[in-house]
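Student: I'll drop the sequence and a predicted model, then ask my questions.
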Amino acid sequence: MRLTEDERYAAGLTSLGAGPRRLRHFLDGFEPPEAWEALVRGCHPADPESAYRDKARSELLDEVTAACERSRASVIVLGRARYPAGLAQDHEAPAVLFAVGDPTICDGLPRVSVVGTRSATPYGLGVASELGSRLTEAGVVVVSGLARGIDAAAHSGALVVRGAPVLGVLGTAPDAPRPRSQATLVGGVAQRGVVVSELPPGSRGAPAWWFVVRDRVMAALSHVVVVVECHAHGGALHTVKAAAERGVPVTVVPGSVRSAASAGTNALLVDGASPVRDVDDVIAALELAIAGRSDISRPRRLPESPNGHPSARPSQAPNPIAAAVLRTLDHDPASLDTVVRRCGLSLGEVALALEQLAASSLAASEGGWWSRARR
């Protein structure tokens with residue numbers, strides 16, 4: 001994938017280490033090559049102290065160009081073709097995005113962010129996985145941050161069924177080193193939809209505050225946000241705040257009052273957030289959010305889930321993934337992590353499979369430990 005001259009300089013500007021707001025100012029009234037040249041000359045109005053003059057080196061342009069081409073990441077400039085339509089009108093839309101996959105594939109489709117804690121419980125992982133799969137089957141794009149825990153479970157659930165494309169929003173560079181399971185998930189999302197990031201390929205590491213910045217993109221891309229599990233001061237609350245600023249409805253899956261992982265979600269419910277019992281509740285909130293919009297397709301209604309629980313969709317015969325998980329279970333209880341190691345599958349795939357097996361009375365869970373159901 002060869003970059004155009006505009007794309008090359010736009011990528012170079014992102015490599016200077018400026019924050020999203022300053023980067024927008026770099027390109028305000030300038031084409032990317034012009035902005036770069038003004039910085040090099042020390043006469044750019046967005047850099048009155050010439051702080052970026054020495055950083056704007058030709059070697060940096062070559063490095064980021066090569067990294068983009070190696071990772072097959074396209075460079076998308078705000079206001080140009082292929083910029084995601086759902087993000088373009090946001091008041092904090094990134095000036096430059098890097099995308100692996102088709103950046104326009106989710107345009108015109110309903111989108112729901114599923115977010116939550118990295119240290120999720122088996123309950124939360126199962127709910128997130130099932131919501132991911134059921135929303136995807138309904139023609140809804142599942143948006144998430146591709147972090148471990150709830151994010152990964154939601155996307156893993158989405159990838160094991162046919163339906164809508166998926167959308168991942170990274171808080172790191174597209175080619176950043178990551179654990180094998182996460183790298184597999186990122187690749188699967190890019191293949192089925194698109195993965196986007198504000199950080200250029202080749203950049204290593206990101207300050208903690210960058211993930212807060214990333215959360216505004218997830219909120220802006222979504223028509224509804226669903227919080228599955230969140231600690232009292234969990235990072236998912238940044239997405240909730242960004243959604244509230246944009247008028248995006250926030251819905252919440254209730255959790256145990258004895259679980260620290262649900263302290264934040266239960267507090268949101270007390271503050272008036274709408275509860276989510278199953279995928280039908282999410283779709284109902286989504287239909288209200290996109291009512292009157294002719295540019296967004298409507299989600300499909302799915303067969304009613306028994307017991308009104310998003311993870312209670314039974315199957316008379318386990319699918320291949322669930323069957324593989326079942327073969328690793330015996331009558332001695334095992335932790336979720338142990339089952340994952342035995343299967344060699346992703347955390348989200350295993351969590352979803354276990355919930356499906358439990359709904360079919362083939363597996364049993366007690367205190368987060370799983371075993372084959374006794375007959």
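Tutor: Structure received. Numbers count the residues shown, from 1 in each chain.
Student: Stretch 243-256 - what's its average pLDDT?
Tutor: Mean pLDDT, computed over stretch 243-256, is 96.
Student: Would you mark the buried spots in it?
Tutor: Ala243, Val248, Pro249, Val250, Thr251, Val252, Val253, Gly255 (16 or more other Cβ atoms under 10 Å). For the C-beta atoms, the positions are set from N, CA and C on the backbone; glycine is no exception.
Student: can you list the residues you listed in CSV and add distance to Thr117?
Tutor: Listed next are those as CSV, based on distance: Cβ to Cβ, whole Å:
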residue, distance to Thr117
Ala243, 17
Val248, 20
Pro249, 21
Val250, 16
Thr251, 16
Val252, 13
Val253, 12
Gly255, 10
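Student: Counting only helices, which of the residues you listed make the cut?
Tutor: Counting by DSSP state H, those place Ala243 in helices.
Student: and for the helix or strand hosting Ala11, what are the contacting residues?
Tutor: Ala11 is part of helix 5-14, with elements assigned from DSSP states H and E. The contact list for helix 5-14, computed with Cβ atoms under 8 Å, 6 or more residues apart in numbering, reads 3, 23, 26-27, 31-33, 35-36, 39, 56, 60-61, 64-65, 68, 74-75, 77, 80, 95-96, 98, 198-200.
Student: per-residue confidence for Asp47?
Tutor: pLDDT, Asp47: 95.
Student: Please apply the same query to Ser305.
Tutor: 51.
Student: lowest confidence element among the helices and strands of the protein?
Tutor: When each helix and strand of the chain is scored by mean pLDDT, DSSP states H and E, helix 347-359 comes last, with a mean of 77.
Student: Follow the chain on from it and name the next helix or strand.
Tutor: Next along from helix 347-359, by DSSP H and E: strand 363-366.
Student: buried stuff in that following strand?
Tutor: Ala363, Ala364, Ser365.
Student: ok, whichever helix or strand comes after it: who's next to it in the sheet?
Tutor: Remark: after strand 363-366, the chain's next helix or strand is strand 369-372, criterion DSSP H and E. Using DSSP bridges, the strands paired with strand 369-372 are strand 334-335 (antiparallel), strand 363-366 (antiparallel).
Student: which other residues reach strand 369-372?
Tutor: 122, 326, 329-336, 339, 354, 362-365.
Student: run the last query once more with 10 Å
Tutor: 122, 325-336, 338-339, 350, 354, 357-358, 362-365 (Cβ atoms under 10 Å, 6 or more residues apart in numbering).
Student: show me what contacts Val270?
Tutor: If you count contacts by Cβ under 10 Å, 6+ apart, then Val270 has Val252 around it.
Student: Strands of the stretch 1-150 of the chain, residue ranges please.
Tutor: 74-77, 96-101, 111-115, 141-144 (DSSP state E, counting those that start in this stretch).
Student: Summarise which helices and strands the second one is packed against.
Tutor: Packed against strand 96-101, as judged by 3 or more Cβ pairs under 10 Å, 6 or more residues apart in numbering; DSSP states H and E, are the following elements: helix 5-14, helix 20-27, helix 58-71, strand 74-77, strand 166-169, helix 180-192, strand 194-197.
Student: Check the offset of that strand from the chain's centre.
Tutor: Distance of strand 96-101 from its chain centroid, counting by Cα atoms, centre = their mean, to the nearest Å, is 14 Å.
Student: can you tell me the helix or strand for Arg300?
Tutor: Judged by DSSP H and E, Arg300 forms part of no helix or strand.
Student: Sorry, slip of the keys, the one I care about is Ala158.
Tutor: Using DSSP H and E, the element containing Ala158 is helix 150-159.
Student: So for that helix, mean pLDDT?
Tutor: On average, helix 150-159 scores 91.
Student: Show me which residues of it are buried.
Tutor: Quick answer for helix 150-159 (16+ other Cβ under 10 Å): Ile150, Asp151, Ala152, Ala153, Ala154, His155, Ser156, Gly157, Ala158, Leu159.
Student: same thing with stretch 23-37?
Tutor: Buried, per 16+ other Cβ under 10 Å, within stretch 23-37: Leu23, Arg24, His25, Phe26, Leu27, Phe30, Pro32, Ala35, Trp36.
Student: Pull the number of nearby residues for the residue lying closest to the fifth one once chain neighbours are set aside.
Tutor: Spelled out, that is Leu27. Spatial nearest neighbour of Leu27, chain neighbours left out: Ala95 (5.1 Å); criterion: Cβ to Cβ, 6 or more residues apart in numbering. Neighbourhood size, Ala95 [other Cβ atoms under 10 Å]: 23.
Student: One more: Ser58?
Tutor: 10.
Student: still on that earlier bit, which one of the helices and strands packed on strand 96-101 is the most hemmed in?
Tutor: strand 166-169 (a mean of 28; mean count of other Cβ atoms under 10 Å).
Student: gap between that one and the chain center?
Tutor: Worked out by Cα atoms, centre = their mean, strand 166-169 lies 5 Å from the chain centre.
Student: Each with direction, which strands does it pair with?
Tutor: When DSSP bridges is applied, strand 166-169 pairs with strand 141-144 (parallel), strand 194-197 (parallel).
Student: As TSV, those with mean pLDDT would be great.
Tutor: Below are the strands paired with strand 166-169 laid out as TSV (pLDDT from 0 to 100):
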stretch	mean pLDDT
strand 141-144	97
strand 194-197	97
